[in-house]
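S.K.: Below is the structure, and that's it, no one-letter string:
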């Protein structure tokens, strides 16, 4: 198995290369004849879509408010479910849930790295 730091460094290098290519791509798009015009039309359509959505949401009134409340509750309960699953896993127990059709669900775990505010000095290396 490869060293975690080596893989992390490779990912950082690839992301730098991707950034350069993405910038070249954006420059090439900007130089294309109709691109700016089409982007502006798309923005106008997005704005119009948002206005229609807002109008319909207001017309629905309490029903749409209920939808938004349920959406928030689902998000909160999903976080709670994740916390319970992690605690259960750390206790060495099997983590699994079953839906109303007897379909079993097992968790998938994701590890992400987040930059810390800690600055490493030469003495720490």
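M.R.: Perfect, I can see it now. What you are looking at is a predicted structure, and each value in this text was computed from that prediction instead of being measured.
S.K.: how close does the most centrally placed residue in the chain sit to residue 18?
M.R.: By Cα atoms, centre = their mean, the mean C-alpha position of the chain lies nearest to residue 112, the distance being 11.7 Å. For residue 112, the distance to residue 18 (Cβ to Cβ, to the nearest Å) stands at 18 Å. In this view, the C-beta of every residue, glycine as well, is placed from N, C-alpha and C.
S.K.: So in the protein, which helix runs the longest?
M.R.: helix 62-90 (DSSP state H).
S.K.: Buried ones in it, by neighbour count?
M.R.: The neighbour-count check on helix 62-90 (16 or more other Cβ atoms under 10 Å) flags residue 85 as buried.
S.K.: right, and the helix or strand after that helix?
M.R.: Using DSSP states H and E, the next helix or strand after helix 62-90 towards the C-terminus is strand 97-98.
S.K.: Give the rounded mean pLDDT of that following strand.
M.R.: In this model, strand 97-98 carries a mean pLDDT of 95.
S.K.: Neighbouring strands of the helix or strand following it in the sheet, and parallel or not?
M.R.: On the C-terminal side of strand 97-98, the nearest following helix or strand under DSSP H and E is strand 104-105. According to DSSP bridges, strand 104-105 has the following sheet partners: strand 97-98 (antiparallel).
S.K.: who touches the strand it pairs with?
M.R.: 81, 104, 105 (Cβ atoms under 8 Å, 6 or more residues apart in numbering).
S.K.: again, only this time at 6 Å
M.R.: Defining contact as Cβ atoms under 6 Å, 6 or more residues apart in numbering, one finds that strand 97-98 is touched by 104, 105.
S.K.: Likewise for stretch 8-21?
M.R.: Contacts of stretch 8-21 (Cβ under 6 Å, 6+ apart): none.
S.K.: how about 10 Å then?
M.R.: For stretch 8-21, contacts defined as Cβ atoms under 10 Å, 6 or more residues apart in numbering pick out 2, 3, 113.
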